[in-house]
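S.K.: sequence plus predicted model, see below.
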Amino acid sequence: MPSLLDLGWSAHFLSQLSPEEAEALTPGRVAEIQRDRLSVLTGTGPRGLVLPSEIGAGDVAVGDWLLIEPGAERVLRLLDRRTELARKAAGIETRPQLIAANVDTLFITTSCNDDFSLPRLERALALAYEAGIEPVILITKSDLATDPAPYLAAARTAARDVEAIALNAKAPEVVQALAPWCGAGRTVALIGMSGTGKSTLANALCGTDRATGGVREDDARGRHTTTSRSLHRTLAGGWLIDTPGMREMGVFDAASGIDTVFAEITELAEACKFRDCAHESEPGCAVRAAVEAGELDPERLARWRKLKAEDRQASETLSESRARGRKMTRFHKRVQSASRRAKFED
């Protein structure tokens, strides 16, 4: 049975407890979420809990730590996260969707076939850097490629000094190759499109035998085999959060992460003549000068522009939505207060 330290408990979480809470309450880590029901791991074994009405299911992520009242088996509160991996939820509405919490390393999976997409890797890296999570790009199905070297070279252009590894998820040496990130007390998360070998990797790293899906020949896309996020013990002693395949990976409030991914553009922009340079037709633009000199790929600049614009629009929309929510909350409170006064006066 894993101890709290094995589960990833640290001083960051302990510091949020009063001496009385540390003595009386039980910390637990969320392993799976099914609507308002949680599977939670504790130092004394797994628990099945129901979320209280004041905590919405969308406010909890796999990997979260919470406090449980023993006996009553009641969730009292969530603890502040060390890291929070989130994306813009799929669809028209602009809202954040939690992917995982308290993750140390993000394994971003792609493969040596038509699924490989540099723009998609850049998006995933931006999410990881914004969350303060170490990213590692895993290029699977290297055994099926004539030469995986071009895929590795392309992946390493996605961000400066990013770790990229080509591997065969079914090979026995994959566990040893990824062991440095999967040790005791550490948590890794797997994200990527369906069909990139995430479930096969999860099975290898955790010594499990969950179902895996095939890949369609027409577009190299896979079928969903993981249907919900869940936390699993790795053979190396750490924890892995498996996630369903993502067809959309929208960014929001990720300006810092995007700047890190496109560090060379961020640095060039500092030398532009104007601080608010849009890198289009302004005189003295260091970014356009680098493109004209062949030192910066114009397609990479175009992808940077697209991500920055998407992030700016989503962040502004989200900010407006939150402002409307706060305004409505204040309105409802005023109505309730007026109603209480009227009843008292009657």
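M.R.: The structure has been received and is ready for your questions. Residues are numbered from 1 along each chain as shown.
S.K.: centroid residue for this structure?
M.R.: Of all residues in the chain, the one closest to the mean position by CA atoms, centre = their mean is Leu85, 3.1 Å from it.
S.K.: so that one sits in a helix?
M.R.: No. Judged by DSSP: H, G, I helix; E, B strand; the rest coil, Leu85 forms no part of a helix; its state is strand.
S.K.: which strand residues bridge it?
M.R.: Beta bridges link Leu85 to Ala100 when assigned by DSSP bridges.
S.K.: for Arg74, same thing?
M.R.: Going by DSSP bridges, Arg74 forms beta bridges with Glu69.
S.K.: that one touches Ile68, doesn't it?
M.R.: Yes. With contact defined as CB atoms under 8 Å, Arg74 and Ile68 form a contacting pair (6.9 Å). From N, CA and C alone the C-beta is placed, and that goes for glycine too.
S.K.: what residue spans form the domains of the protein?
M.R.: Following automatic domain parsing, one gets these domains for the chain: 4-78, 84-242, 255-320.
S.K.: okay, now the unreliable bits of the stretch 51-200 of the chain?
M.R.: 90-94 (pLDDT under 70).
S.K.: which residues of it fall in strands?
M.R.: Using DSSP state E, counting those that start in this stretch, the strands found in the stretch 51-200 of the chain span residues 65-69, 74-78, 84-88, 96-101, 105-111, 134-140, 163-166, 187-192.
S.K.: okay if I get the ones you listed as JSON lines plus distance to Ala269?
M.R.: Shown next, in JSON lines, are these (distance: least, CB to CB, whole Å):
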{"stretch": "strand 65-69", "distance to Ala269": "39"}
{"stretch": "strand 74-78", "distance to Ala269": "38"}
{"stretch": "strand 84-88", "distance to Ala269": "24"}
{"stretch": "strand 96-101", "distance to Ala269": "27"}
{"stretch": "strand 105-111", "distance to Ala269": "26"}
{"stretch": "strand 134-140", "distance to Ala269": "23"}
{"stretch": "strand 163-166", "distance to Ala269": "26"}
{"stretch": "strand 187-192", "distance to Ala269": "29"}
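S.K.: mind checking those for the one nearest to Pro283?
M.R.: strand 84-88 (35.4 Å; CB to CB).
S.K.: who's in contact with the closest one?
M.R.: The contact list for strand 84-88 (CB atoms under 8 Å, 6 or more residues apart in numbering) reads 61, 94-101, 103, 106, 127-128, 131, 133, 189, 246, 248-252, 314.
S.K.: run through the residues that contact Leu78.
M.R.: Leu78 touches 55, 59-60, 64-66, counting by CB under 8 Å, 6+ apart.
S.K.: that one and Thr187: what is the separation?
M.R.: Distance, Leu78 to Thr187, using CB to CB, to the nearest Å: 16 Å.
S.K.: buried residues, stretch 69-81. List them.
M.R.: By 16 or more other CB atoms under 10 Å, the buried positions in stretch 69-81 come out as 75, 78-79, 81.
S.K.: which members of those residues are the farthest-apart pair?
M.R.: Val75 and Arg81 (15.7 Å).
S.K.: what about the helices in the chain?
M.R.: In the chain, the helices defined using DSSP state H lie at 4-7, 11-14, 19-24, 118-131, 149-155, 174-178, 198-206, 255-261, 263-269, 286-292, 298-345.
S.K.: check contacts around the closest residue to Asp104 other than its chain neighbours.
M.R.: Leaving aside its chain neighbours, Asp104 sits nearest to Arg186 (4.8 Å; criterion: CB to CB, 6 or more residues apart in numbering). Remark: with contacts taken as CB under 8 Å, 6+ apart, Arg186 is in contact with 8, 104-105, 238-239.
S.K.: next: Thr234.
M.R.: 182, 188, 205-206, 240.
S.K.: number of nearby residues for the residue lying closest to it once chain neighbours are set aside?
M.R.: Spatially, and ignoring its direct neighbours in sequence, Thr234 is nearest to Cys182 (4.4 Å; CB to CB, 6+ apart). By other CB atoms under 10 Å, 23 other residues sit near Cys182.
S.K.: contacting residues for Cys182?
M.R.: Contacts of Cys182 by CB under 8 Å, 6+ apart are 188, 205, 234-238, 240.
S.K.: quick one: which of those residues is nearest Leu14?
M.R.: Of these, the one sitting nearest to Leu14 (CB to CB) turns out to be Gly238, at 19.5 Å.
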